[in-house]
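**Q** give the three-dimensional model of this entry:
(one chain, ligands or ions: 2)
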Amino acid sequence: MQKPTHSSQHLAIQDGTICFDVRRGFQKKEYFEVLKNVSLTISPGKCLGLVGESGSGKSTLGRCLARLQRLTNGMVLLGGQSAFAYPAKTFHRKVQMIFQSPAETLDPSQSVHSAISEPLHIHFPQMNRYDRERRISELLDAVHLSTSLLNSRPLALSGGQRQLVAIARALAVSPEFLICDEVASALDAKIKGEIFRLLAELQRTNGIGILFISHDISAIRALCSSAMILHGGKLFNAAPGCEFLRKSKRNRQVLWQFLPPSGFESASTFVNENASGSHGHPPG
Ligand SMILES: Nc1ncnc2c1ncn2[C@@H]1O[C@H](COP(=O)(O)OP(=O)(O)O)[C@@H](O)[C@H]1O
Ligand SMILES: [Mg+2]
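**A** Ligands and ions are numbered 1, 2, ... in the order given. Next comes the predicted model:
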């Protein structure tokens, strides 16, 4: 299992446990342990994949890392310090989460301009109007959206455009870490490819550390330099010869689906080399 390094630049979860109280009505307390002593570290400039069956706790783990949910036990560490030692605003300037559905981030009554300018107002109140407008254009450019969409509301946009606006909004604070929870799962292949290339670019050129949660194995292979599997509340390294693989035949079957045939490093090199290329599918 990957251990947190406590480096000043990492985002980590250490021995994290989450229990939900699932009693119904007057039943006595009954707990459901979603995460059991899980530890992982996200490093700057690296993309760590997180896979697992539906309901295995991937989103719960992501929300804990983004400080949107508390662990029952264990710690989330940013730069070796507890995530809760930071004022919320400071933490969220460093760590942003992007959800599967942009509806979780975008207010339907807000225009694209206002969705992107809101975090700039909150986190950089001293920024003057000219610099703010320039930054909004820069952000739209980074996600390859036209400035002609600035006055559009989310409902007037396609699903892919909405997700790109949500990404631009997350990038507005120049985060050091991004938690991407099934960010392209509901989108068609073309926009998926665009989002993956964008994430690869952010990781490579801005040194952003990414946790890429997905059940799309080709995406994990394309983007991540390593991956972990969440299974039965526990985390396992998706690597040949790992503990998970040795446990049972069923585990071996689960893992083979997630393992890239030629190794994660070569897969991520493929995306980097093809980042500025065609708009086709990511390698699968
Ligand atoms: N607030 C909650 N109360 C009770 N159970 C929850 C709560 N949030 C999530 N769960 C349960 O935890 C499990 C993991 O959920 P989730 O993290 O969304 O899984 P995944 O993202 O891997 O599909 C699911 O069985 C879900 O029903
Ligand atoms: Mg989920």
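**Q** so the closest residue to residue 16 other than its chain neighbours, which state does it fall into?
**A** In space, and not counting its chain neighbours, residue 16 is closest to residue 74: 3.7 Å by CB to CB, 6 or more residues apart in numbering. To be clear about C-beta, it is placed using only N, CA and C from the backbone, and glycine gets the same treatment. At residue 74 the chain is in strand, as set by DSSP: H, G, I helix; E, B strand; the rest coil.
**Q** count the residues that sit near residue 74.
**A** 18 (other CB atoms under 10 Å).
**Q** low-scoring stretches of the protein, by residue?
**A** For the chain, the stretches flagged by pLDDT under 70 are 1-8, 239-284.
**Q** report the longest helix in it, please.
**A** Across the chain, the longest stretch assigned as helix under DSSP state H is helix 189-205.
**Q** what residues of that one count as buried?
**A** By neighbour count with 16 or more other CB atoms under 10 Å, helix 189-205 contains the buried residues 191-203.
**Q** also stretch 20-36?
**A** 34, 35, 36.
**Q** could you look up the SS state of the last one?
**A** Put plainly, it is residue 36. Recorded secondary structure, residue 36: strand (three-state DSSP).
**Q** need the contact list for the closest residue to it other than its chain neighbours.
**A** In this structure, residue 36 finds its nearest non-sequential neighbour in residue 233, 4.0 Å apart by CB to CB, 6+ apart. Listed by CB atoms under 8 Å, 6 or more residues apart in numbering, the contact set of residue 233 reads 33, 34, 35, 36, 38, 56, 57.
**Q** want to throw those into CSV with distance to residue 135?
**A** Conversion of these to CSV gives the following (distance: CB to CB, whole Å):
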residue, distance to residue 135
33, 43
34, 38
35, 37
36, 42
38, 36
56, 38
57, 36
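**Q** quick check, nearest of those to residue 45?
**A** residue 38 (22.8 Å; CB to CB).
**Q** close to ligand 1: what parts of this structure are there?
**A** By CB under 6 Å from any ligand atom, the residues of the chain that approach ligand 1 are 20, 22, 34, 52, 54, 55, 56, 57, 58, 59, 60.
**Q** so what's the last one up against?
**A** The contact partners of residue 60, by CB under 8 Å, 6+ apart, come to 18, 34, 35, 69.
**Q** a markdown table for these, including distance to residue 219?
**A** Output for the contacts of residue 60, formatted as a markdown table (distance: CB to CB, whole Å):
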| residue | distance to residue 219 |
| --- | --- |
| 18 | 25 |
| 34 | 23 |
| 35 | 23 |
| 69 | 24 |
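**Q** closest to ligand 1 among the residues you listed?
**A** residue 34 (4.4 Å; CB to the nearest ligand atom).
**Q** okay, now residue 144: neighbour count?
**A** Residue 144 has 12 neighbours, counted by other CB under 10 Å.
**Q** any idea how far ligand 1 is from it?
**A** Between residue 144 and ligand 1 the computed distance is 28 Å (CB to the nearest ligand atom, to the nearest Å).
**Q** I'd guessed that residue sits against residue 165; true?
**A** No - between residue 144 and residue 165 no contact is recorded; they are 11.6 Å apart, counting by CB atoms under 8 Å.
**Q** do a quick rundown of the helices in the stretch 1-150 of the chain.
**A** Along the stretch 1-150 of the chain, counting by DSSP state H, counting those that start in this stretch, helices occupy 58-65, 88-94, 112-123, 129-142.
**Q** re earlier: hmm, which two among the buried residues of helix 189-205 are most spread apart?
**A** 191 and 203 (18.7 Å).
**Q** and residue 51, what are its bridge partners?
**A** residue 229 (DSSP bridges).
**Q** residue 200 touches residue 219, doesn't it?
**A** No - the criterion here is CB under 8 Å, and residue 200 misses it with residue 219 at 10.7 Å.
**Q** if we can go back for a sec, these two touch, right, the residue nearest to residue 16 and residue 19?
**A** No - taking contacts as CB under 8 Å, residue 74 lies outside contact range of residue 19: 11.3 Å.
**Q** list the residues that contact the residue of the stretch 101-250 of the chain found nearest ligand 1.
**A** Of all residues in the stretch 101-250 of the chain, residue 230 sits closest to ligand 1, at 6.7 Å by CB to the nearest ligand atom. For residue 230, the contacting residues are 35, 38, 50, 51, 52, 56, 57, 58, 61, by CB under 8 Å, 6+ apart.
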